[in-house]
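> quick one: sequence and predicted model below, then my questions.
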Amino acid sequence: MALEVIKYTIRASSLQPVGNGCPTTSALSYIYQSFGAYKVKTNVFSAKTTLLKSADMQGLKEGNEEDPSYINSTYTKASYSGRGMRDTDGNIVFSAQEEFVAEFIDEDEVQGWG
């Protein structure tokens, strides 16, 4: 069973001064101008016996770059750690993290933002 972790990254410019007239140090305030966000899902496994294949990873799939299945690869990174344990079939048991390709979303969809 996997634990699903969601991470949000806001895309924003540098701080921008706000106010009218000539800014002075006492009256100057700043805002971030945001323009979208990335939502990244990561599955964390305490025990897993199968590893992802290279073709599941973004940038490692062979084929036509214009083919939607090539463009829409599923994962960007994965890490596995063997524990020296084996299941009843003799397979090595790994702890694992598998990160999916980031999804671009509107910043208003980020929980707690705004």
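Thanks, I have it. Numbers count the residues shown, from 1 in each chain.

> pretty sure residue 111 sits against residue 8.
Yes: Residue 111 is within contact range of residue 8, at 7.4 Å (criterion: CB atoms under 8 Å). Quick note: C-beta positions are derived from backbone N, CA and C, even for glycine.

> just name the shakiest helix or strand of the protein by mean pLDDT.
Within the chain, confidence by mean pLDDT, DSSP states H and E is lowest for helix 68-71 among all helices and strands, at a mean of 56.

> in the sheet, who's paired with the residue nearest the centre of the chain?
Computing the C-alpha centroid of the chain and ranking residues by CA atoms, centre = their mean puts residue 40 first, at 2.6 Å. Here residue 40 sits in beta bridges with residue 7, going by DSSP bridges.

> that one touches residue 7, doesn't it?
Yes: under the criterion of CB under 8 Å, residue 40 is in contact with residue 7, at a separation of 4.7 Å.
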